[in-house]
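I would like the atomic coordinates for the input below:
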Amino acid sequence: MENNKICTILGAGFVGRYVVKYLDRKGYRSIVISRNPFRKNYILTQARTGYVNIVKFNFTEIKKAIQKSDYVLNLIGILGPSEDFFKIHSELPDYISKVCATTECKKFIHVSAIGANKNSKSIYQQSKFSGEEKVLKNFNSSVIIRPSLVVGAEDEFTNLWGKLSIFPILPVVSSKFRFQPIFVNDLAKAIVNVIEIKGNEGKIIEIGGNKVISFGDMVKLILKIIGKKKLIIDMPLSLGKIVGAILQLLPGRPLLTKDQCLILGEKDNIVSGNYLTINDLKISPVDVEGKMSEWLYRYRDGGEFAKV
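Numbering: from 1, shown residues only. This is a model prediction of the structure:
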């Protein structure tokens, strides 16, 4: 299929590779903007030869790419450090949407997060809402996508708990907090469908899977898939905040931050019913539980062919 349309994609990480793949299937060409182009060559394998161009992240290249694009997608997001949240989640999409408004761009799709709220105690959620607000104000043909927990072979959540399964005891902060996990392929398809479905400009779309599950039950499910029995302890939110504040002071990416604990103390990370959903994008999400064994087998004792 060939349609000669060009998409600029900011963010070549976990979700970005799948978006490129599904864009290619619909005949779109992609310009992928990345801070480390030479470390993102795997993106080239997601599309036909010549259908993806990877360029280095800087504001000059962003502007050039948008000027020649029909659609722009912003997938950039971080989990820390908190002092960078507003720069990445608010100031950057503010700039992108302003550039879009000066070009022939048909639609700007900005990926945010369920729970984005200016009144949140979490700086992460505050910054996400701020970015949404600026995008919708700057460019009328913008669409906001708010996914719940995104899972897939390269995700940080399920793989983290798979790695932690070597320990006999697993503390879970706010184990009753609920997610609505979405498989990364379904999210990528949803993003592509937003491009093609008319009339969603200026809208917010919440993306969740077909099942709601608690944090504690999600960890239990991961352990069940990899065939391990561990003691799961519900860590009180107050203690989690203290642990998170300490862990984020250590070198490297912390296992837990205080800001993440603040999110766990707020509303569940599930579709609210107040906005459009994945059903409006003509997608029936797959059963996440059935998919997780496709990558979590690596954490089984004995590997892929071990009995569980």
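
any idea which residue sits dead centre in this structure?
Centroid-nearest residue in the chain: residue 150, 5.7 Å away (criterion: Cα atoms, centre = their mean).

Now for that one: which residues touch it?
The contact partners of residue 150, taken as Cβ atoms under 8 Å, 6 or more residues apart in numbering, are 14-15, 181-184, 187. In this view, the C-beta of every residue, glycine as well, is placed from N, C-alpha and C.

what's across from it in the sheet?
With DSSP bridges as the criterion, residue 150 is bridged to residue 182.

what's the spacing between it and residue 90?
Note on residue 150: its distance to residue 90, by Cβ to Cβ, to the nearest Å, is 21 Å.

now residue 172
Look at residue 172 and residue 90: by Cβ to Cβ, they are 30 Å apart.

go on, residue 154?
Separation of residue 154 from residue 90 (Cβ to Cβ): 26 Å.

Double-check residue 79 against residue 260; I have them as touching.
Yes - taking contacts as Cβ atoms under 8 Å, residue 79 lies within contact range of residue 260: 7.4 Å.

More neighbours: which of these two?
residue 260 (22 against 13; other Cβ atoms under 10 Å).

can I assume the more buried one sits in a helix?
Yes - Residue 260: assigned to a helix according to DSSP: H, G, I helix; E, B strand; the rest coil.

residue contacts, it?
Applying Cβ under 8 Å, 6+ apart, we find residue 260 in contact with 79, 122, 124, 244.

Of the residues you listed, which one scores lowest on pLDDT?
Across the contacts of residue 260, the bottom pLDDT score, 90, is held by residue 79.

Return the distance of that one relative to residue 105.
28 Å.

swap in residue 303?
For residue 303 relative to residue 105 (Cβ to Cβ), the value is 47 Å.

Ok, residue 166 next?
Taking Cβ to Cβ, one finds residue 166 at 48 Å from residue 105.

So between these two, which is more surrounded?
More crowded of residue 166 and residue 105, by other Cβ under 10 Å: residue 105, with 22 against 10.

so what's the more buried one up against?
Applying Cβ under 8 Å, 6+ apart, one finds that residue 105 lies in contact with 66, 69-72, 139, 141.

Which PyMOL command selects the buried ones in these?
Buried residues among the contacts of residue 105 (16 or more other Cβ atoms under 10 Å), as a PyMOL selection:
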select buried, resi 66+69+70+71+72+139+141
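
picking that back up, filter the contacts of residue 260 down to the buried ones, PyMOL style.
To isolate the buried subset of the contacts of residue 260 in PyMOL, counting by 16+ other Cβ under 10 Å, use the following:
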select buried, resi 122+124+244
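
Now, the contacts of residue 260 that are in helices?
Assigned to helices by DSSP state H, the following of these qualify: 124, 244.

Below-threshold pLDDT in the stretch 1-150 of the chain: ranges please.
1-2 (pLDDT under 70).

show me where it has strands.
Here the stretch 1-150 of the chain has its strands, by DSSP state E, counting those that start in this stretch, at 6-10, 29-34, 52-56, 71-74, 107-111, 142-147, 150-151.

Tabulate these in JSON lines, adding columns for distance to residue 237.
Formatted as JSON lines, these follow (distance: least, Cβ to Cβ, whole Å):
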{"stretch": "strand 6-10", "distance to residue 237": "34"}
{"stretch": "strand 29-34", "distance to residue 237": "36"}
{"stretch": "strand 52-56", "distance to residue 237": "41"}
{"stretch": "strand 71-74", "distance to residue 237": "31"}
{"stretch": "strand 107-111", "distance to residue 237": "27"}
{"stretch": "strand 142-147", "distance to residue 237": "23"}
{"stretch": "strand 150-151", "distance to residue 237": "23"}
